[in-house]
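Asks: Only the shape, not the letters, is given here:
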């Protein structure tokens, strides 16, 4: 099974890309996805899409600088199609371990839900900045989105952070070096590396192939492409019931 841990929905004029409800459904059919997670700052739009597209689940986009963000997030997390939280400290402008986020992290630990954090750009989303939150909340299951992105120093740093912290996961989208996926599996473990595409900013065909040519065994390719995310997000029973 393929499960994409990282997809955006909506319009992105600066990048001249977009992914609407119909496009998401077609993408999932074309690439034989069993499921995937989508998000956008407009959580109401995400909710409508995940209610309509089989196999699509949402992550609640939380901006801690917005008033009432915790109550709004907790309300959406009661919805069965939302599986965790998405944080983008770079876009929304905050430090990943800012105390204003601590109540959210506590709520996620209490609910045993993961958080996906954009990783790979200064000043707010470097692996070591995100690690400060992990050290503060060691039970928090945290996914380093893009596992450092395009800079080899940040990629190596993301792997180092995951190796040091047993509840940190690495997600592959946008990270260009296929060999680093194998290194991550070898150093962090085959259960803590997750496939993501970052669609529509990156094409699933490229992102899937990156995992498939990484040098992993067939069993570990299957783990990265879907099994690990399905287990982490707790959707195995829902997928089998679909």
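Replies: Structure received. Since we're looking at a predicted model, the values are computed, not measured.

Asks: rest of the way, CA atoms for contacts and neighbours
Replies: Fine.

Asks: for this structure, longest helix please?
Replies: Ranked by residue count and defined by DSSP state H, the top helix of the chain is helix 152-164.

Asks: Give the buried residues for it.
Replies: Residues 154-163 are the ones in helix 152-164 that count as buried (16 or more other Cα atoms under 10 Å).

Asks: same thing with stretch 37-48?
Replies: Neighbour count says stretch 37-48 has 37-41, 43, 46-47 buried, by 16+ other Cα under 10 Å.

Asks: can you tell me the average pLDDT over it?
Replies: In this model, stretch 37-48 has a mean pLDDT of 98.

Asks: Touching that stretch from outside, list them.
Replies: With contacts defined as Cα atoms under 8 Å, 6 or more residues apart in numbering, stretch 37-48 is touched by 4-10, 56-62, 81, 86.

Asks: Most widely separated two among those?
Replies: Spatial extent of the contacts of stretch 37-48 (Cα to Cα) is set by the pair 4 and 62 at 20.1 Å.

Asks: out of the two, which sits in the more crowded spot?
Replies: residue 4 (28 against 23; other Cα atoms under 10 Å).

Asks: Now for the more buried one: which residues touch it?
Replies: Residue 4 neighbours (Cα under 8 Å, 6+ apart): 33, 35-37, 195-197, 225-226, 229.

Asks: Assumed it was part of a strand.
Replies: Yes - secondary structure assignment places residue 4 in a strand (DSSP: H, G, I helix; E, B strand; the rest coil).

Asks: bridging residues for it?
Replies: Residue 4 has the following beta-bridge partners by DSSP bridges: residue 36.

Asks: mind checking how far it is from residue 156?
Replies: Distance check for residue 4 against residue 156: by Cα to Cα, to the nearest Å, it reads 23 Å.

Asks: Am I right that residue 60 is in a strand?
Replies: Yes - remark: residue 60 belongs to a strand, assigned using three-state DSSP.

Asks: right, and it touches residue 88 too?
Replies: No - at 11.3 Å, residue 60 does not count as touching residue 88 under the criterion of Cα atoms under 8 Å.

Asks: in this protein, which segments are predicted with low confidence?
Replies: Applying pLDDT under 70 to the chain flags residues 242.

Asks: Now do the strands in it.
Replies: In the chain, strands defined by DSSP state E lie at 2-8, 10-12, 17-19, 33-39, 56-61, 82-87, 115-118, 142-145, 168-171, 193-194, listed in chain order.

Asks: Tell me the strands beside the fifth one, with direction?
Replies: It stands for strand 56-61. Sheet pairing here is set by DSSP bridges, and for strand 56-61 it gives strand 33-39 (parallel), strand 82-87 (parallel).

Asks: Could you do the shortest one as well?
Replies: In the sheet containing strand 193-194, its partner strands are strand 168-171 (parallel), by DSSP bridges.

Asks: chain center to the strand it pairs with, what's the gap?
Replies: The chain centroid and the centroid of strand 168-171 are separated by 8 Å under Cα atoms, centre = their mean, to the nearest Å.

Asks: from the contacts of residue 4, which is closest to residue 110?
Replies: Ranking the contacts of residue 4 by separation from residue 110, with Cα to Cα as the measure, puts residue 229 on top at 19.8 Å.

Asks: Give me the distance between that closest one and residue 191.
Replies: For residue 229, the distance to residue 191 - Cα to Cα - is 9 Å.

Asks: Near the nearest residue to residue 118 once chain neighbours are set aside, how many other residues are there?
Replies: Using Cα to Cα, 6 or more residues apart in numbering and skipping residues adjacent in sequence, the residue nearest residue 118 is residue 145, 4.7 Å away. The number of residues packed near residue 145 is 32, by other Cα under 10 Å.
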